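Asker: got a sequence here, can you build the structure:
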Amino acid sequence: MGLLETPLLEDLVVLVNGGSQGVGAGIVRAAVREGATVVFTGRRAEVGEKLAADTGARFVRADLSDPAQARDSVVQAVAAHGRVDCLVNAAGLTSRGSLLDTTPELFDQHMAINLRAPFFAMQAAVADMTARKAPGTIVNIISNCAHGGPPHLAPYSAAKAGLAGLTRNAAHAHRWDRIRINGLNIGWTDTEGEDATQRAFHDAGDDWREKAARSQPMGKLGQVDEIADFVVFLLSGRSGVVTGSVIDWDQNVFGGQD
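Answerer: Numbers count the residues shown, from 1 in each chain. A predicted model of the protein is given here:
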C-alpha cells in the first residue's frame, strides 16, 4: 500500500464529542473510514445508536453541558480502548440571542456547551496523554463567529471566541508534550441542525438551501464531508507539526473589504 493509500488514522483511538449528527457525525464516518477506532457522544440515544450500527463506532450517551459527563466521555473511551489518541470537540449550540435579549439562562447554555464542555473534555484527554507520555492531537470545531458574528448570535460568538483562545492557550501549554491542538472556524454549513435553525428562527421555506447557496462566493454552503476530511487530516500525522492554529474554513475572507 502506497503512502497516499495508507489510512490516515490507522490504529488510533479517536473520541468525537457531539458526534451523533451534523459535522460531528461526518467526522465519525471519516475517522472510521481512515482506520480509527472511534468513540462518539451525543444526547439522543436513537440517533447515536443508529450511527454506531452504521459505522461500527462506539456510542456513549452524554449531556456535555454537565462538565462531569464531558470528562467522563474520555474516561469511557479509555476504559473501552485503553487510551485516547485524538479528541474532536464538535458539539455546538446555535440558538439565537442578541446582546439586548439574551437571558442569563441562554448565556449559560452557550457557555456550557460551546466552551465549558470542550475545556473539560480536553482536560481529561490531555491528562490521559501526558500520563502515558504519549503524543496526541485535538481539533476543536469553532466558528467564524469567533471573529465577531452577527448581532443575533451574541452569546454563541462570545463562547466560540473563548474556544479559539483556549485552543491557542492549550496548544502552547502542551507543545512540549507533543500534543497538537488546532481549531477550525467553520462557516455556514449545510447540516440537519442548520435546517432546523433556519426554519425555527428565520421562517425559512423548503428552498432556503438554494437561496443560501446563491448568496455564497462558491455557489454552495459548506459541506459536512469536506469539513470532516479536513479534520481527519489535522488529527493525522500528515499535518506535520502544526499546532495552535485556528483556521478559517470558510469562503469569506475576514478583514477583506470591497
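
Asker: helices along the chain, start to end?
Answerer: Applying DSSP state H to the chain gives helices spanning 22-33, 45-55, 67-81, 104-111, 117-131, 154-173, 192-202, 208-214, 224-235.

Asker: for the fifth one, buried residues please.
Answerer: What that stands for is helix 117-131. Ala117, Pro118, Phe119, Phe120, Ala121, Met122, Ala124, Ala125, Val126, Asp128, Met129 (16 or more other C-beta atoms under 10 Å). (Glycine included, C-beta is placed from N, CA and C.)

Asker: kindly report the same for the shortest one.
Answerer: Neighbour-count burial for helix 208-214 flags Ala212 (criterion: 16+ other C-beta under 10 Å).

Asker: likewise for the second one?
Answerer: Within helix 45-55, the residues that count as buried by 16+ other C-beta under 10 Å are Gly48, Leu51, Ala52, Thr55.

Asker: burial measure for the spatially closest residue to Ser157 that is not a sequence neighbour, as a count.
Answerer: For Ser157, ignoring the flanking residues on the chain, the nearest one in space by C-beta to C-beta, 6 or more residues apart in numbering is Gly149 at 3.2 Å. Here the count is done by other C-beta atoms under 10 Å, and Gly149 has 17 residues near it.

Asker: hmm, back to that, the helices of the chain: lowest mean pLDDT?
Answerer: Ranked by mean pLDDT, the helices of the chain end with helix 192-202 at the bottom, a mean of 75.

Asker: tilt between it and helix 22-33?
Answerer: 180 degrees (axes from the mean of the first three to the mean of the last three C-alpha atoms, to 10 degrees).

Asker: put the alpha carbons of helix 192-202 into PDB.
Answerer: Only the C-alpha atoms of helix 192-202 are listed here, as PDB (Å, rounded to 0.1, in the frame of the first residue of the first chain):
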ATOM      1  CA  GLU A 192     -29.700  18.900   9.800                       C
ATOM      2  CA  GLY A 193     -29.300  21.300  12.700                       C
ATOM      3  CA  GLU A 194     -28.900  24.300  10.400                       C
ATOM      4  CA  ASP A 195     -32.100  23.300   8.600                       C
ATOM      5  CA  ALA A 196     -34.000  23.200  11.900                       C
ATOM      6  CA  THR A 197     -32.500  26.500  12.900                       C
ATOM      7  CA  GLN A 198     -33.400  28.200   9.700                       C
ATOM      8  CA  ARG A 199     -37.000  27.000   9.900                       C
ATOM      9  CA  ALA A 200     -37.300  27.800  13.700                       C
ATOM     10  CA  PHE A 201     -35.600  31.200  13.800                       C
ATOM     11  CA  HIS A 202     -35.800  32.600  10.300                       C
END
